[in-house]
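Undergrad: fold the following.
(2 chains)
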Protein chains: 2
Amino acid sequence: MENPTAAMVVIGDEILSGRTQDKNMHFLAGALSEKGIPLREARVIADDNATIVSTVKALSKIYTHVFTSGGIGPTHDDITADAIAEALGASIDVREDARALLQAHYDRNGTELNAARLRMARVPDGAILIDNPISAAPGFTLGNVHVMAGVPSVFQAMVASVLPGLTGGTPLLSESLRVNRPEGELAGPLGTAAETYPDLSFGSYPFIREGVFGANLVVRGTDETRLAEAVAYLRDAFPDAA
Amino acid sequence: MENPTAAMVVIGDEILSGRTQDKNMHFLAGALSEKGIPLREARVIADDNATIVSTVKALSKIYTHVFTSGGIGPTHDDITADAIAEALGASIDVREDARALLQAHYDRNGTELNAARLRMARVPDGAILIDNPISAAPGFTLGNVHVMAGVPSVFQAMVASVLPGLTGGTPLLSESLRVNRPEGELAGPLGTAAETYPDLSFGSYPFIREGVFGANLVVRGTDETRLAEAVAYLRDAFPDAA
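TA: Down below sits the predicted model:
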């Protein structure tokens, strides 16, 4: 079987305006790597129906899974659920199971399930609800698209609800070495290592810390033994590596 | 004249693997908003030639400006410059002006301009160099594509070099109010405000802080007077707003 793949769509005018820094992509990327479902691309797009529809339609055909964040709350600018339904050709309305979840939650808290809140029970036909242990309003999975909230704590809880149910692939293992030397000095031996171990991938991620130029060298692959060999090779080439 | 628009392409396996959290998108988004060049979308893609070529080709046709980050260093995995040249149909080789910049920098530091470092002088024909006051290796602008480093301090310095030369649009003004009430209570009046001021955009960005549900309400528009009216309207609807 081919390894599963994933894409993420961050629906967020507030990210694009520079008002808010997205945190969900980084969280999801790490969780998917551990699961062996590599994140192949991520897009941040505007809260715009046509953009959401075309983006989700395109990505859901390319990748095993698409994860979205944002736009499933009770306000007028929360348009994600309807856009996802349109993208995948499903009908959408207030669904009884989602309404019951919300009703129970608001009853417990003594608040009213008003018209705005009822919008959060709009779920496409055929979708499976994603549990939201924090604020009850569910996410949902429709086809291969997992629709989740934008608030980081809720997003993370929903990821924790969804991931165990997905089939993971061969986990990508990685090892990293930090070398406090400028990349220009590391590039030669690193390139040779990449040629010597063509089944592994070698990345160099430079940094400048307190005026010191250095790089994190990362080797990735699925075979533990080969990875250990390559790391030994790099340690030999860079005896000063941490 | 139509307002200029922008897209960003983050070239970064290390972001997609969850190893590193991108910081450049948030910085660029804020800088572009101030300049009146709204960021319309951002994509994080893999360090893969075909992916970079097709992404940059597509986005450079849609937006006034495309900004890229990452992949212009001296190591074998730094493939951005060649990919951008291919995307825009330019030829690329070591360019004398870029080589001279690097030579002067390394002479000052007493280090060698070796073969790896010389890769950083590969710049497409017709591109304008972007100044890098931190580590000398330049970025470049080719057509409407601005190619910059991934290291945040260098990226930020390059943005500061590029932005003053671009024509800005009408700056989008914004005002925000924080209301410590759940979105479900705010949605009704907020939706009415959005209908009352159709020339402005109203966003609600929920948060959960120490167990308290609240939302930041953001109004955006280009007319200061209308913005002030809308804010007064919201303060009237939400007298408890901060």
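
Undergrad: from here on, just use CA atoms for contacts and neighbour counts.
TA: Will do.

Undergrad: pretty sure residue A:44 contacts residue A:14?
TA: No. Counting by C-alpha atoms under 8 Å, residue A:14 is not a contact partner of residue A:44; they are 10.2 Å apart.

Undergrad: look at these two and report which has more neighbours.
TA: Remark: of residue A:44 and residue A:14, residue A:44 carries more neighbours, 26 against 18, as counted by other C-alpha atoms under 10 Å in any protein chain shown.

Undergrad: what's across from the more buried one in the sheet?
TA: When bridges are called by DSSP bridges, residue A:44 pairs up with residue A:10, residue B:42.

Undergrad: from residue B:14, how far off is it?
TA: For residue A:44, the distance to residue B:14 equals 17 Å [C-alpha to C-alpha, to the nearest Å].

Undergrad: same thing with residue A:133?
TA: Computed as C-alpha to C-alpha, the residue A:133 to residue B:14 distance reads 31 Å.

Undergrad: and what of residue A:69?
TA: Per C-alpha to C-alpha, residue A:69 is found 21 Å from residue B:14.

Undergrad: same thing with residue A:120?
TA: For residue A:120, the distance to residue B:14 (C-alpha to C-alpha) stands at 35 Å.

Undergrad: repeat for residue A:163
TA: Distance of residue A:163 to residue B:14, computed by C-alpha to C-alpha: 21 Å.

Undergrad: tell me, how many residues neighbour residue A:130?
TA: Residues lying near residue A:130 (other C-alpha under 10 Å) number 21.

Undergrad: ok, the one 3 residues further on next?
TA: As a burial measure, residue A:133 scores 12 neighbours (other C-alpha under 10 Å).

Undergrad: do the same with residue A:196
TA: For residue A:196, the neighbour count with other C-alpha under 10 Å is 12.

Undergrad: list the buried ones in the helix or strand hosting residue A:186?
TA: Residue A:186 is part of helix A:183-196 when elements are defined by DSSP states H and E. Buried residues in helix A:183-196, counted by 16 or more other C-alpha atoms under 10 Å in any protein chain shown: A:183-188, A:190-191, A:193-194.

Undergrad: before we move on, what about stretch A:151-165?
TA: Using 16+ other C-alpha under 10 Å as the test for burial, stretch A:151-165 gives A:151-152, A:154-162.

Undergrad: could you check how far the helix holding residue A:186 is from the centre of its chain?
TA: From the chain centre to the centre of helix A:183-196 is a distance of 31 Å (C-alpha atoms, centre = their mean, to the nearest Å).

Undergrad: by contact count, what packs against it?
TA: The contact analysis (3 or more C-alpha pairs under 8 Å, 6 or more residues apart in numbering or on different chains; DSSP states H and E) places helix A:183-196 against strand A:201-209, strand A:212-221, helix A:224-237, helix B:115-118.

Undergrad: and the last one, what does it pack against?
TA: Which is helix B:115-118. helix A:183-196.

Undergrad: can I get stretch A:225-242 in PDB? Just the C-alpha atoms.
TA: Backbone C-alpha positions of stretch A:225-242 (Å, rounded to 0.1, in the frame of the first residue of the first chain) are rendered in PDB as follows:
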ATOM      1  CA  THR A 225      20.100   1.000  10.500                       C
ATOM      2  CA  ARG A 226      20.800   3.200   7.500                       C
ATOM      3  CA  LEU A 227      20.000   6.300   9.500                       C
ATOM      4  CA  ALA A 228      22.500   5.200  12.200                       C
ATOM      5  CA  GLU A 229      25.100   4.700   9.500                       C
ATOM      6  CA  ALA A 230      24.500   8.100   8.000                       C
ATOM      7  CA  VAL A 231      24.700   9.800  11.400                       C
ATOM      8  CA  ALA A 232      28.000   8.000  12.100                       C
ATOM      9  CA  TYR A 233      29.200   9.300   8.700                       C
ATOM     10  CA  LEU A 234      28.200  12.800   9.600                       C
ATOM     11  CA  ARG A 235      29.800  12.700  13.000                       C
ATOM     12  CA  ASP A 236      33.000  11.600  11.400                       C
ATOM     13  CA  ALA A 237      32.900  14.500   8.900                       C
ATOM     14  CA  PHE A 238      31.900  16.900  11.700                       C
ATOM     15  CA  PRO A 239      33.600  15.800  14.900                       C
ATOM     16  CA  ASP A 240      32.500  19.100  16.600                       C
ATOM     17  CA  ALA A 241      28.800  18.400  16.100                       C
ATOM     18  CA  ALA A 242      26.500  18.500  19.100                       C
END
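
Undergrad: for that stretch, buried residues please.
TA: Neighbour-count burial for stretch A:225-242, with 16+ other C-alpha under 10 Å as criterion, is recorded at A:227, A:230-231, A:233-234, A:238, A:241.

Undergrad: still on that earlier bit, for the buried residues of helix A:183-196, give me CSV that also has pLDDT.
TA: As requested, the buried residues of helix A:183-196 are exported to CSV (pLDDT from 0 to 100):
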residue, pLDDT
A:183, 93
A:184, 93
A:185, 93
A:186, 94
A:187, 95
A:188, 94
A:190, 96
A:191, 95
A:193, 96
A:194, 96
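
Undergrad: any stretches of chain A with poor pLDDT?
TA: Filtered on pLDDT under 70, chain A yields the residue ranges A:1.

Undergrad: care to break it down by domain?
TA: In the domain annotation for chain A, the residue ranges read A:6-165, A:173-237 (automatic domain parsing).

Undergrad: deepest of the ones you listed, which one?
TA: Highest mean neighbour count of the domains of chain A: domain A:6-165, a mean of 20 (counted as mean count of other C-alpha atoms under 10 Å in any protein chain shown).

Undergrad: so who does the residue nearest the centre of chain A touch?
TA: Residue closest to the average C-alpha location in chain A (C-alpha atoms, centre = their mean): residue A:28, at 3.3 Å. By C-alpha atoms under 8 Å, 6 or more residues apart in numbering or on different chains, the contact list for residue A:28 reads A:156, A:159, B:18.

Undergrad: ok, the host helix or strand of residue A:97 near chain B or not?
TA: Following DSSP H and E, one finds residue A:97 within helix A:96-109. No. On the criterion C-alpha under 8 Å from any C-alpha of the partner chain, helix A:96-109 is out of touch with chain B, staying 10.7 Å away.

Undergrad: and the contacts of that helix?
TA: For helix A:96-109, contacts defined as C-alpha under 8 Å, 6+ apart pick out A:112-113, A:118, A:120-123, A:129, A:136-138.

Undergrad: just checking, which of the residues you listed belong to helices?
TA: Among the contacts of helix A:96-109, DSSP state H puts residue A:118 in helices.

Undergrad: taking the contacts of helix A:96-109 together, which two end up most distant?
TA: Using C-alpha to C-alpha, the two most remote members of the contacts of helix A:96-109 are A:112 and A:129, lying 21.9 Å apart.

Undergrad: secondary structure element for residue A:157?
TA: Element membership for residue A:157, per DSSP H and E: helix A:152-162.

Undergrad: so what touches stretch A:5-23?
TA: For stretch A:5-23, contacts defined as C-alpha under 8 Å, 6+ apart pick out A:25, A:37-47, A:52, A:55-56, A:59, A:63-71, A:80, A:152, B:26-31, B:33, B:38-42, B:205.

Undergrad: first-to-last residue distance for it?
TA: 21 Å.
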